[in-house]
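Have a look at this prediction, sequence included:
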Amino acid sequence: MEELRLPWNTKEGILFGCIIAFLSSMLIGGYNVFDNMGYTFDRFGDFMLDFIIIWPIMFVVAFTLSNTIVGWVAGKVVRRFMSPTDSTNTYICFNLIMCVLQMSVILTFLGGLIGQAVAFVMTGHQIDVTELIENWPRIWPRNFCIAFWIEMLIAQPAARRAMVIIHKKKMTAAGGA
């Protein structure tokens, strides 16, 4: 019997990835935009305006990365170091760590670049790639920690719960037919 918590087919895999990308980009991206604006509640309206523009872009980027390059590399690494006797929980945890590691490395830079590009379009503020590169070593560890806990406690459990619900409905329908 297949694992109830993981996708069984491509359609479920897309839904699984969408749930994770939606929650992760919403929470991590929201935190980073708010942090970049300086934590002032008097600028909350500005934050919402910026975030409404940036979030859909980050969702698409996160979903695309996780289902292409990051997913492929994580799959290769996980298969390389896991044995067939390892548990599903071990697989889930190792895959989560590999995905968060890669996504945080890439999106710490790419998210800043997207944020600066949106700021350029909205205000004419110049894009400073040098600043992004200089700030990356300071920002990445924080982003990794935030992403790890959001993935571990919120995004992945929500996606796995959705898979369990879908699979139980399928099993009930197949058993009742």
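Looks like it arrived, so ask away.

Just the helices from this protein, written as ranges.
Using DSSP state H, the helices found in the chain span residues 10-37, 44-67, 69-81, 88-123, 129-150, 156-176.

In TSV, list those helices along with mean neighbour count and mean pLDDT.
To be clear about C-beta, it is placed using only N, CA and C from the backbone, and glycine gets the same treatment. Below are the helices of the chain laid out as TSV (neighbours: other C-beta atoms under 10 Å; pLDDT from 0 to 100):
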stretch	mean neighbour count	mean pLDDT
helix 10-37	18	91
helix 44-67	16	89
helix 69-81	14	95
helix 88-123	17	91
helix 129-150	14	95
helix 156-176	14	92
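
Of all those, which one comes closest to residue 3?
helix 88-123 (5.1 Å; C-beta to C-beta).

Show me what the closest one is packed up against.
In terms of contacts (3 or more C-beta pairs under 8 Å, 6 or more residues apart in numbering; DSSP states H and E), helix 88-123 is packed against helix 10-37, helix 44-67, helix 69-81, helix 129-150, helix 156-176.

Distance from the third one to the middle of the chain?
The reference is to helix 69-81. 16 Å (C-alpha atoms, centre = their mean, to the nearest Å).

What of stretch 65-79?
With C-alpha atoms, centre = their mean, you get 13 Å for stretch 65-79.

Show residues contacting it.
The contact list for stretch 65-79, computed with C-beta atoms under 8 Å, 6 or more residues apart in numbering, reads 13-14, 17, 20-21, 91, 94-95, 98-99, 102-103, 106-107.

could you redo the last one with a cut-off of 6 Å?
For stretch 65-79, contacts defined as C-beta atoms under 6 Å, 6 or more residues apart in numbering pick out 17, 94-95, 98-99, 102-103.

Would you format the residues you listed as a markdown table with distance to residue 37 included?
Listed next are those as a markdown table, based on distance: C-beta to C-beta, whole Å:
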| residue | distance to residue 37 |
| --- | --- |
| 17 | 29 |
| 94 | 35 |
| 95 | 33 |
| 98 | 31 |
| 99 | 28 |
| 102 | 27 |
| 103 | 23 |
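
For these, work out which two are farthest apart.
Greatest spacing in those, by C-beta to C-beta: 17 and 94 (17.8 Å).
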